[in-house]
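**Student:** 3D model of this:
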Amino acid sequence: AEGGGAQEVSLCSVLIERSARSSMTDRVNYIGGSSGLWAGFGMLSTSSVFFGVWTWSRRKEWVDIMLDYCHHKRAQYPTHTLDRVAVRALRMLKI
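**Tutor:** Reported below is the predicted structural model:
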């Protein structure tokens, strides 16, 4: 009975050693924690430069778009009561 127990212990120790060795060789080396940070920063800066060049070359179009948007937002809601009174007063003064 003692011999069987000794074989089990040695078998377990062999299996543990094998699994430890295989897990050490299967691992990928650690590259570094900031490698993804620099890649993300590079992509963000490159896209920002391209967007800046694209919008700067078409700045007249962007001004027109923003003016149209602002006018649409102002015209979308009803005017204030004092604004209506002022517009009526100005109409009367024109006549």
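**Student:** residues making contact with the strand or helix carrying Leu82?
**Tutor:** Secondary structure assignment for Leu82, by DSSP states H and E: helix 81-94. Contact partners of helix 81-94, identified using C-beta atoms under 8 Å, 6 or more residues apart in numbering, comprise Thr79. For the C-beta atoms, the positions are set from N, CA and C on the backbone; glycine is no exception.
**Student:** quick check: mean pLDDT across that helix?
**Tutor:** What helix 81-94 shows for mean pLDDT is 87.
**Student:** so how far is it off the chain centroid?
**Tutor:** 49 Å (C-alpha atoms, centre = their mean, to the nearest Å).
**Student:** May I have it as CSV, with CA atoms only?
**Tutor:** Output of helix 81-94 as CSV, limited to C-alpha atoms (Å, rounded to 0.1, in the frame of the first residue of the first chain):
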residue,chain,number,x,y,z
THR,A,81,-43.9,89.0,-27.2
LEU,A,82,-41.7,92.1,-27.1
ASP,A,83,-40.1,91.0,-30.4
ARG,A,84,-43.6,90.9,-32.0
VAL,A,85,-44.4,94.4,-30.6
ALA,A,86,-41.1,95.8,-31.9
VAL,A,87,-41.7,94.3,-35.4
ARG,A,88,-45.2,95.8,-35.5
ALA,A,89,-43.8,99.2,-34.4
LEU,A,90,-41.1,99.1,-37.1
ARG,A,91,-43.7,98.2,-39.7
MET,A,92,-45.8,101.2,-38.7
LEU,A,93,-42.8,103.5,-38.8
LYS,A,94,-42.0,102.4,-42.4
